[in-house]
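Asks: Following is a predicted model, sequence given first.
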Amino acid sequence: MEHDVTLLRDIALGIIFAVIAAHVARVARQPLIIGYIAGGVLLSPRLGLGLVTSAESIDLIAEIGLILLLFIIGLEIDLSVVRRMGR
């Protein structure tokens with residue numbers, strides 16, 4: 001049960017830091033991806049504030065992020081374009 005609470009806290013911290021860093025990047029007229037990366041670095045145990053230290057949480061959050069990224073890319077793919085590229 002403790003791991004579940006830690007995971008939810010880590011996800012919440014990731015969202016909060018991503019929103020704050022993305023807002024700072026937008027104000028500085030930089031790409032949002034720079035803000036997202038900066039938010040992740042701020043949470044990291046080695047370079048940042050060390051708020052997320054559980055290796056299992058970091059691995060699971062990274063896997064969930066990759067799955068969501070691939071899902072979004074899959075939504076954007078037009079099947080007619082893929083058919084034309086195959087020829």
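Replies: Perfect, thanks for sending it.
Asks: which ones are touching R26?
Replies: R26 sits next to 32, 35 when contact means C-beta atoms under 8 Å, 6 or more residues apart in numbering. Quick note: C-beta positions are derived from backbone N, CA and C, even for glycine.
Asks: Can you give me the distance of it to I33?
Replies: To I33, R26 is 12 Å away according to C-beta to C-beta, to the nearest Å.
Asks: Between these two, which contacts overlap?
Replies: Residues touching both R26 and I33 (C-beta under 8 Å, 6+ apart): none.
Asks: can you pull the buried residues of stretch 38-51?
Replies: Across stretch 38-51, burial judged by 16 or more other C-beta atoms under 10 Å covers 38-40, 42-43.
Asks: how many other residues sit next to S57?
Replies: By other C-beta atoms under 10 Å, 19 other residues sit near S57.
Asks: The residue nearest to it when sequence neighbours are not counted: what secondary structure?
Replies: Once flanking residues are discounted, S57 sits nearest to D10: 4.3 Å by C-beta to C-beta, 6 or more residues apart in numbering. State at D10, reduced to three classes by DSSP: H, G, I helix; E, B strand; the rest coil: helix.
Asks: wait, D10 sits on S54?
Replies: Yes: with contact defined as C-beta atoms under 8 Å, D10 reaches S54; the gap is 6.6 Å.
Asks: More neighbours: which of the two?
Replies: Taking other C-beta under 10 Å, D10 and S54 do not tie; D10 has more neighbours (20 against 15).
Asks: so the residue most central in space within the chain is in which element?
Replies: Central residue of the chain (C-alpha atoms, centre = their mean): G65, 5.3 Å from the mean position. For G65, the enclosing helix or strand under DSSP states H and E is helix 55-76.
Asks: pLDDT averaged over that helix, what's the number?
Replies: For helix 55-76, mean pLDDT rounds to 86.
Asks: Quick check: which ranges of this protein have low pLDDT?
Replies: 1-3, 86-87 (pLDDT under 70).
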